[in-house]
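S.K.: need a 3D model of the following:
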Amino acid sequence: MMTTDTREDAYHYRVIARAIAEIDAAGGERIGLDDLAGRLGMSAAHFQRVFTQWVGVSPKRYQQYLALGHARHLLSQRFTVLEVALASGLSGSGRLHDLFLRWEAMTPGEYAQGGAGLEIAWGWFDSPFGPAIAMGTQRGLCGLGFAAETGEPEAFDDLARRWPRATFVEDRALIEPWVHAAFDGRGEAALHMIGAPFQIKVWEALLAIPSGRVTTYSEIARAVGNPRAVRAVGTAVGRNPVSWLIPCHRAIAKSGGLGGYHWGLPVKRAMLAWETVRADARMTEIIET
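M.R.: Just a heads-up that it's a prediction; the model follows:
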């Protein structure tokens with residue numbers, strides 16, 4: 001079972017997801033607290049409390065983080081130069097989400113076999129961003145996806161299709177400690193990355209993007225040594241099997257637009273807003289101390 005805090009985060013995200021839909025429908029016009037709470041069928045006081053518990057700021061402030069221009073603000077203010085980060089060793093063995101992430105990749109030969117001979121455990125978990133499907137081998141998590149926008153059967157099939165020759169067994173106990181580490185920030189999250197060599201390079205570059213910051217697909221292409229392969233990078237980002245831990249939500253278009261997100265743009269926007277709020281809170285705390 002996940003912790004009480006994580007289950008509460010999952011409930012809060014469902015409220016946030018509904019709020020995002022209302023905010024999007026308003027076309028950039030700010031919605032007052034009473035109005036927004038009423039659309040969600042909640043009292044203003046309860047809605048304010050849920051918001052504050054989840055993100056630490058008011059619904060009014062959070063609307064600014066969720067605004068369509070937020071990605072452009074991140075690009076202008078918090079852009080990460082990946083070549084510098086990678087040269088500094090901020091890749092697979094670095095700190096991520098305040099936990100230690102250990103990862104290893106399959107060899108190209110193993111990848112080409114489509115998971116043949118692998119037994120992959122799977123289970124459903126609550127997460128701060130809705131229901132999460134997790135999959136893993138004895139060596140670590142190999143899949144993490146979100147069903148809030150896609151639906152649970154589709155999310156499961158999406159991941160399972162990536163390893164067509166593997167055997168899938170429901171076994172929450174095997175992967176639960178790594179899922180705890182991913183969402184609760186405690187313990188070590190081990191990853192067993194299953195992908196083509198180019199994909200692995202792109203995913204390693206994503207690991208160098210600090211929480212609360214973003215980069216562009218073209219910057220990732222330069223960082224992996226193939227500046228013209230922007231489209232291929234976009235495809236590799238979209239094929240990232242371990243969302244959140246390999247932070248593909250931090251890759252945005254050069255224009256400052258969000259670009260795509262495999263598990264739905266509302267989930268991506270919520271992830272970026274959630275991280276930015278916490279990054280701002282940490283900065284405020286450092287300044288005040």
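S.K.: and the protein, what are its domains?
M.R.: Under automatic domain parsing, the residue ranges defining each domain of the chain are 1-67, 80-252.
S.K.: please work out which of those domains is packed deepest.
M.R.: Each of these was assessed for mean neighbour count using mean count of other CB atoms under 10 Å. The highest is domain 80-252, with a mean of 19. Using the backbone N, CA and C atoms, a C-beta is placed for each residue, glycine as well.
S.K.: where in the stretch 151-289 of the chain is pLDDT low?
M.R.: Residue ranges of the stretch 151-289 of the chain with pLDDT under 70: 185, 281-289.
S.K.: can you rerun that using 80?
M.R.: Scanning the stretch 151-289 of the chain with the threshold set as pLDDT under 80 gives 184-187, 210-212, 256-257, 276-289.
S.K.: could I get the full set of helices for it?
M.R.: If DSSP state H, counting those that start in this stretch is used as the criterion, the helices of the stretch 151-289 of the chain fall at 152-160, 172-184, 197-206, 217-223, 230-238, 265-288.
S.K.: quick one: which of those helices is nearest Thr107?
M.R.: Evaluated with CB to CB, the helices of the stretch 151-289 of the chain place helix 197-206 nearest to Thr107, the distance being 9.3 Å.
S.K.: any idea how far the spatially most central residue of the chain is from Val237?
M.R.: Relative to the mean C-alpha position of the chain, the nearest C-alpha, by CA atoms, centre = their mean, is the one of Trp244, at 2.7 Å. As judged by CB to CB, to the nearest Å, Trp244 and Val237 stand 13 Å apart.
S.K.: repeat for Tyr217
M.R.: Between Tyr217 and Val237 the distance, using CB to CB, works out to 7 Å.
S.K.: tell me, what's touching those two both at once?
M.R.: Residues within reach of Tyr217 and of Val237 at once, by CB atoms under 8 Å, 6 or more residues apart in numbering, are Ala251.
S.K.: wait, is Leu144 part of a strand?
M.R.: Yes: residue state for Leu144 (DSSP: H, G, I helix; E, B strand; the rest coil) corresponds to a strand.
S.K.: now it. Nearest residue, chain neighbours left out?
M.R.: With sequence-adjacent residues excluded and distances taken as CB to CB, 6 or more residues apart in numbering, Leu144 is closest to Val242, at 4.7 Å.
S.K.: doesn't His192 make contact with the one you found?
M.R.: No: in this structure, Val242 is not within contact of His192 by CB atoms under 8 Å, at 9.2 Å.
S.K.: pull up the pairing partners for the host helix or strand of Ile133, direction included.
M.R.: Assignment of secondary structure by DSSP states H and E places Ile133 within strand 132-137. Applying DSSP bridges, strand 132-137 is found paired with strand 119-125 (antiparallel), strand 140-146 (antiparallel).
S.K.: any chance of those strands in a markdown table, plus mean pLDDT and distance to Ala25?
M.R.: A markdown table is the format used below for these (pLDDT from 0 to 100; distance: least, CB to CB, whole Å):
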| stretch | mean pLDDT | distance to Ala25 |
| --- | --- | --- |
| strand 119-125 | 96 | 29 |
| strand 140-146 | 94 | 22 |
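S.K.: redo those strands as a markdown table? Include distance to Pro227.
M.R.: Supplementary listing: the strands paired with strand 132-137 in a markdown table, determined by distance: least, CB to CB, whole Å:
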| stretch | distance to Pro227 |
| --- | --- |
| strand 119-125 | 35 |
| strand 140-146 | 29 |
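S.K.: ok, the residue nearest to the centre of the chain - contacts?
M.R.: Contact analysis of Trp244 by CB under 8 Å, 6+ apart lists 127, 129, 144, 146, 182-183, 271.
S.K.: again, 10 Å this time
M.R.: Trp244 makes contact with 96-97, 127-129, 132, 144-146, 182-183, 263, 267, 271, according to CB atoms under 10 Å, 6 or more residues apart in numbering.
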